[in-house]
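>>> no sequence for this one, just the structure:
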């Protein structure tokens, strides 16, 4: 038998299965109330609009272009539409500043490949998006904790990276309603991050996957917007904005995008050419058609539903979780982050929950680059109605309470 492990590249040892992808399999078990997958509610997909869009493509003069090879940069009308969307959130740019990717996950993979040599340091929050860690891991980085509220100096980050055998290359974060915590980075801390990036001479990767899903509170300018205001032009900035249609229109079409200075986009285009030539043209055309005709209305519909579910989950947590348990109160997005009493383990709790309470969630440890965070977990409210939230959180609260009693015994 061939020993495959002996001929795999060393980077393959850093590739781990996603706990979230595995937990999605639970959606097929009707007895499980799942707060695990951070996925959109399919009942909210604009299915009729997409049916009309695809019918129009196949019945019109653009069908040949839709089924043909295309440019790596992406469908120009879609990039032009995105120019308007970016301007609306304070990011003036041109189509040349935009690359269409196969979901924003592909963008993270490309950016890891672009910036990271083995032992280079990526600054990430503790916790951070698990998919980002998976994307970056293949390029064999070291991770350091990104914080703008502590006492870390640029020199301390630089020294730690040197000790690890490389240099700091970028800071990655989701500034709005982050996955997994649902928290938002404030204006002051966004500006501090830009100051840190200038001192370290590194890139900033801003994950804007949830930026459209604000339910209350005042919008905060994206980090890229703040840097453009400082520098005067997007082509003079170091911030790279990653966006997606997955949380607003439809994740199955796999259409995401990167907005950045032209030198960055040109390098990413070369990667795109080597990886998959271009994202699905017909899917880009359909996304463009649906977005042009009703993006704002679709986002408004999604916000209305998810904001109600967010409120229901926060209310249920307040009623059913025992004292000593805390959670975030997000202004948008899809997630609430729960911190259990010290000594409890989210992974062990999940095993018991699936067996007895029949409730699924994501243990928090997977979101920490250093493997900490054992007493945390993530719950998502996007695919659960009010009755499911009430029943599921009630069951989970009883289980946490029983585990606390067992620990105290």
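Arrived safely, thanks for sending. If you're wondering where the values come from, they're calculated on a predicted model, not measured in any experiment.
>>> make it CA atoms for all contacts and neighbour counts henceforth
Will do.
>>> per-residue pLDDT, the residue lying closest to residue 174 once chain neighbours are set aside?
Leaving aside its sequence neighbours, residue 174 sits nearest to residue 207 (Cα to Cα, 6 or more residues apart in numbering; 4.6 Å). Reported pLDDT at residue 207 in the predicted model: 98.
>>> And residue 207, how far from residue 287?
20 Å (Cα to Cα, to the nearest Å).
>>> who has more neighbours, those two?
Between residue 207 and residue 287, residue 207 has the larger neighbour count (other Cα atoms under 10 Å), namely 28 against 23.
>>> I'd like to know how many residues surround residue 328.
Residue 328 has 14 nearby residues by other Cα under 10 Å.
>>> show me what contacts it?
181, 182, 183, 336, 337, 338 (Cα atoms under 8 Å, 6 or more residues apart in numbering).
>>> cool, and residue 312?
Applying Cα under 8 Å, 6+ apart, we find residue 312 in contact with 386, 389, 390.
>>> ok, and the most crowded of those?
residue 389 leads the contacts of residue 312 on contacts (other Cα under 10 Å) with 25 neighbours.
>>> is it true that it touches residue 381?
Yes. Residue 389 is within contact range of residue 381, at 7.5 Å (criterion: Cα atoms under 8 Å).
>>> Tell me which residues of stretch 287-302 come out buried.
Buried residues in stretch 287-302, counted by 16 or more other Cα atoms under 10 Å: 287, 288, 289, 290, 291, 295, 298, 299, 300, 302.
>>> I should have written stretch 215-234 there, sorry.
Across stretch 215-234, burial judged by 16+ other Cα under 10 Å covers 215, 220, 221, 222, 223, 224, 225, 226, 227, 228, 234.
>>> okay but the first one is in contact with residue 302, surely?
Just to be clear, that refers to residue 215. No. If you go by Cα under 8 Å, residue 215 and residue 302 don't touch, sitting 10.0 Å apart.
>>> three-state assignment of residue 205?
Following DSSP: H, G, I helix; E, B strand; the rest coil, residue 205 is assigned to strand.
>>> got it, and residue 176?
coil.
>>> Just read off the phi/psi values of it.
The phi/psi pair for residue 176 (degrees, to the nearest 10) reads phi -120, psi 120.
>>> The closest residue to it other than its chain neighbours: what secondary structure?
Residue nearest to residue 176 in three dimensions, not counting chain neighbours: residue 184, with 4.5 Å by Cα to Cα, 6+ apart. For residue 184, the secondary structure call by three-state DSSP comes out as coil.
>>> all strands in the protein, in order from the N-terminus.
Under the criterion DSSP state E, the chain contains strands at 33-34, 98-101, 121-124, 142-145, 168-173, 203-207, 239-244, 256-259, 326-327, 335-339, 359-360, 362-363, 376-380.
>>> for those, which one sits closest to residue 311?
strand 335-339 (10.7 Å; Cα to Cα).
>>> Can you give me the first-to-last residue distance of stretch 268-283?
20 Å.
>>> any idea how far it is from the chain center?
Remark: stretch 268-283 is offset 21 Å from the chain centroid, using Cα atoms, centre = their mean, to the nearest Å.
>>> Now do the buried residues in it.
268, 269, 271, 272, 277, 278, 279, 280, 281, 282, 283.
>>> Those residues in helices, which ones?
268, 269, 271, 272, 281, 282, 283 (DSSP state H).
>>> export those to JSON lines and tack on distance to residue 307 and pLDDT?
Listed next are these as JSON lines, based on distance: Cα to Cα, whole Å; pLDDT from 0 to 100:
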{"residue": "268", "distance to residue 307": "36", "pLDDT": "97"}
{"residue": "269", "distance to residue 307": "37", "pLDDT": "98"}
{"residue": "271", "distance to residue 307": "38", "pLDDT": "97"}
{"residue": "272", "distance to residue 307": "36", "pLDDT": "97"}
{"residue": "281", "distance to residue 307": "33", "pLDDT": "98"}
{"residue": "282", "distance to residue 307": "32", "pLDDT": "98"}
{"residue": "283", "distance to residue 307": "28", "pLDDT": "98"}
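>>> Good, we can wrap up now.
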